[in-house]
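Trainee: Could you look at this predicted model? Sequence included:
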Amino acid sequence: MRRIFIMMAFLAAGTFLAAGCESQSATLPDWPWEEPEPAPEPKPEGEWTDVTADYSGMPSYIRVMKSPSVLQGKPAVAYAAIADMSKASLDLWCINDPKLEGCDERFKTPSKVYEETSAAIITNGGYFYADWSAPKFYSMSLAVRQGQILSQNVNYASEDWKTIYYPTRAALLLGKDGKAYSCWTYFSNADGKTYVYPQPAENSWKSKPLQTPSATFPEGASELDAQWGIGGGPVLLKDGKVVNSYEAELFLSDVGCTANNPRTAAGVTADGHLVLFVCEGRNMTEGVAGFTTAEVAAVMKDLGCVDAINLDGGGSSCMLVCGKETIKPSDGEQRAVASTLIIK
């Protein structure tokens, strides 16, 4: 009986409320609030714009492209420099740290490198760190200039510094035959050689460390013999396919491969053009968060690259065109770096 009484009371109250609303409908005032704005529809992605003419003195074999305001479905500020490598001169600057031992040579901002080279295009290169107590400066990414190894890809990684892994890391190499390609490399402390691989050692933080890379592991190893090279990671494209091998390369969260960040990347097209890419992030321009490495891989493929790697990003990301900045550095000013790519 109690349950029936409660139900009847509820129904009666509901009937009263409904009747009350209906009885007041004729006296309600006009809607006093503004109608809410409809959710904006995603803007379609436009075409890249050739802005080469904005930079006087640019060689005819280099094009500078500015991205549409929407790229990969999100707000973007990005630039790409595309150089015909049959005519352009490729160079790099890097501290001299060929055995991962550190050196006394100081890092430089891209603008400082421009003062010394007057190069048409300059971007930041690979990863690095400094021991300021010494002080001592380290490059953590491969750099090869005119056949000479100036620095190596770092050859160890750990989450807790108890379990040590030995990852192969990304590089974009230009062989003495003039062909450029992405690959994975490892500097062997055992024999002092740097090996190049067509695929990475498939390490994972979720598994035990694999054996140390060598002349026989992973398969297809060859000793490095390149005219020019820059390291970083992860590999984004290999033989026209998206790879984005950040898991196998054992990148920690500080690189943020799955997060939005400013990015720098380098790639090569099938017809021998070098593509250098940079994008802004971290809301230096309002609403522009940056990209994940997967999104950068897609952009590089759209730009015609068949091979490409990710370089250092975040506050290091910078591209100078004739000495002028293209994006706003997320540190608020240019960061001094261990290496730069140079096109003349």
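Mentor: Okay, I see it.
Trainee: quick one: which helix or strand includes residue 130?
Mentor: strand 128-131 (DSSP states H and E).
Trainee: Name every strand pairing with that strand and say which way it goes.
Mentor: strand 136-139 (antiparallel) (DSSP bridges).
Trainee: Show the subsequent helix or strand relative to the partner strand.
Mentor: strand 143-145.
Trainee: That following strand packs against which elements?
Mentor: strand 90-94, strand 148-151, strand 226-232 (3 or more C-beta pairs under 8 Å, 6 or more residues apart in numbering; DSSP states H and E). (C-beta placed from N, C-alpha, C; glycine too.)
Trainee: what do you get if the cut-off is 6 Å, keeping everything else the same?
Mentor: strand 90-94, strand 226-232 (3 or more C-beta pairs under 6 Å, 6 or more residues apart in numbering; DSSP states H and E).
Trainee: Out of those, which is the most enclosed?
Mentor: strand 226-232 (a mean of 24; mean count of other C-beta atoms under 10 Å).
Trainee: pLDDT (mean, whole number) over that strand?
Mentor: Strand 226-232 carries an average pLDDT of 97.
Trainee: residues in contact with it?
Mentor: 90, 125-126, 141-142, 144, 147, 153, 170-176, 309-311 (C-beta atoms under 6 Å, 6 or more residues apart in numbering).
Trainee: Try it again at 7 Å.
Mentor: 90, 92, 125-127, 141-147, 153, 169-176, 185, 266, 309-312, 341 (C-beta atoms under 7 Å, 6 or more residues apart in numbering).
Trainee: partners of that strand in the sheet?
Mentor: strand 143-145 (antiparallel), strand 169-175 (antiparallel).
Trainee: In a markdown table, list the ones you listed along with mean pLDDT.
Mentor: Shown next, in a markdown table, are the strands paired with strand 226-232 (pLDDT from 0 to 100):
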| stretch | mean pLDDT |
| --- | --- |
| strand 143-145 | 98 |
| strand 169-175 | 97 |
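Trainee: circling back to that earlier point, same list (the helices and strands packed on strand 143-145) but as TSV, adding distance to residue 134.
Mentor: Shown next, in TSV, are those (distance: least, C-beta to C-beta, whole Å):
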stretch	distance to residue 134
strand 90-94	19
strand 226-232	23
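Trainee: So for residue 61, which of those strands sits nearest?
Mentor: Closest to residue 61 of the helices and strands packed on strand 143-145 is strand 90-94 (C-beta to C-beta; 11.7 Å).
Trainee: That closest one to strand 169-175, inter-axis angle?
Mentor: 140 degrees (axes from the mean of the first three to the mean of the last three C-alpha atoms, to 10 degrees).
Trainee: which helices and strands does strand 90-94 pack with?
Mentor: Where contact means 3 or more C-beta pairs under 7 Å, 6 or more residues apart in numbering; DSSP states H and E, strand 90-94 is packed against strand 143-145, strand 339-343.
Trainee: Where does pLDDT dip in the chain?
Mentor: 1-44, 253-255 (pLDDT under 70).
Trainee: what about the helices in it?
Mentor: Shown for the chain, the helices assigned by DSSP state H span residues 2-24, 110-117, 293-302.
Trainee: mind listing what's buried in the strand holding residue 130?
Mentor: residue 128 (16 or more other C-beta atoms under 10 Å).
Trainee: ok now that strand, how far from the chain's centre?
Mentor: 19 Å (C-alpha atoms, centre = their mean, to the nearest Å).
Trainee: circling back to that earlier point, out of the helices and strands packed on strand 143-145, flag the one nearest residue 196.
Mentor: strand 226-232 (7.9 Å).
Trainee: just to revisit the earlier point, who wins for proximity to residue 318 among the helices and strands packed on strand 143-145?
Mentor: strand 90-94 (13.3 Å).
Trainee: Name the strands paired with the closest one and say parallel or antiparallel.
Mentor: When DSSP bridges is applied, strand 90-94 pairs with strand 339-343 (antiparallel).
Trainee: Name the residues that touch the strand it pairs with?
Mentor: Applying C-beta under 7 Å, 6+ apart, the contact partners of strand 339-343 are 62, 81, 83, 88, 90-94, 110, 113, 117, 119-126, 139, 141, 143, 151, 230, 266, 274, 276.
Trainee: among these, which ones are buried?
Mentor: Buried among the contacts of strand 339-343 by 16+ other C-beta under 10 Å: 62, 81, 83, 88, 90-94, 110, 113, 119-126, 139, 141, 143, 151, 230, 266, 274, 276.
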